[in-house]
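1. Everything below, folded, please.
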Amino acid sequence: MSKTKEQIRFNMQRVKNKDSEIELSLRKALWSMGLRYRKNVKSVFGHPDIAFIGKKIAVFCDSEFWHGYDWERRKNDFKVRQDFWLPKIERNMERDREVNERLEAEGWIVIRFWGKEIKSDVNACAEKIKKAVEERC
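-> Next up, the predicted model:
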C-alpha cells in the first residue's frame, strides 16, 4: 500500500538534520572516553557533526539515504519522483566531496562514518576518532 502525499510530507518533515540517533550514539561514546568536542560547528566549512577545533578534526555521520550509500545499485530503487531524488542525492554526494577536499586542503582530518557503521560498532568508530585526536597531539 503506497503512502499519500500528506503522509510522505509528514514523514519527511520529521527527518532530523542534527542530533540524530547515530550522532547521539557516537557523541556519547566519545564523551565516555573523555574526549571533548564541539557539535554542529557552523564556523567550520561543511558544518561537521562533531569537531575538534584545535586539532582540526572534522567528523561527519552520514545516513545512507541522504548521502548515497551504494549509490550505483540503490539509485534504481527510486520509483517515484526520480527527477527530484536522483539529482538531490547526487548533489549531496558531490557536496560531501567538496567539503572533504576543502577541509583537507586547510589541514583538517576528515572522518566520515555511515550510519550503519556507527550502529553496528560505535566503539570502533569512537576509537578511530580517538586515535586521530591522539596523533594530533
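2. can we go C-alpha only for contacts and neighbour counts from here?
-> Noted.
3. Next one: residue 44 from residue 100, what distance?
-> 12 Å (Cα to Cα, to the nearest Å).
4. Compare those two (neighbour count), which wins?
-> More neighbours surround residue 100 than the other of residue 44 and residue 100, with 20 against 14 (other Cα atoms under 10 Å).
5. Who's the closest spatial neighbour of the more buried one, skipping the chain neighbours?
-> residue 110 (6.3 Å; Cα to Cα, 6 or more residues apart in numbering).
6. how far does the one helix or strand residue 72 maps to sit from the chain's center?
-> Assigned by DSSP states H and E, residue 72 belongs to helix 71-74. On the basis of Cα atoms, centre = their mean, to the nearest Å, helix 71-74 sits 18 Å off its chain's mean C-alpha point.
7. Assumed the residue nearest to residue 100 was part of a strand.
-> Yes. Under DSSP: H, G, I helix; E, B strand; the rest coil, residue 110 falls within a strand.
8. how many neighbours does it have?
-> Counted with other Cα under 10 Å, the neighbours of residue 110 add up to 19.
9. all strands for this structure, in order.
-> Under the criterion DSSP state E, strands of the chain are mapped to 38-39, 50-52, 57-62, 109-114.
10. mind putting the ones you listed in TSV, mean pLDDT and distance to residue 25 included?
-> Formatted as TSV, the strands of the chain follow (pLDDT from 0 to 100; distance: least, Cα to Cα, whole Å):
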stretch	mean pLDDT	distance to residue 25
strand 38-39	95	13
strand 50-52	97	12
strand 57-62	96	10
strand 109-114	97	12
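11. In CSV: those strands, plus distance to residue 94.
-> As requested, the strands of the chain are arranged in CSV below (distance: least, Cα to Cα, whole Å):
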stretch, distance to residue 94
strand 38-39, 23
strand 50-52, 20
strand 57-62, 13
strand 109-114, 14
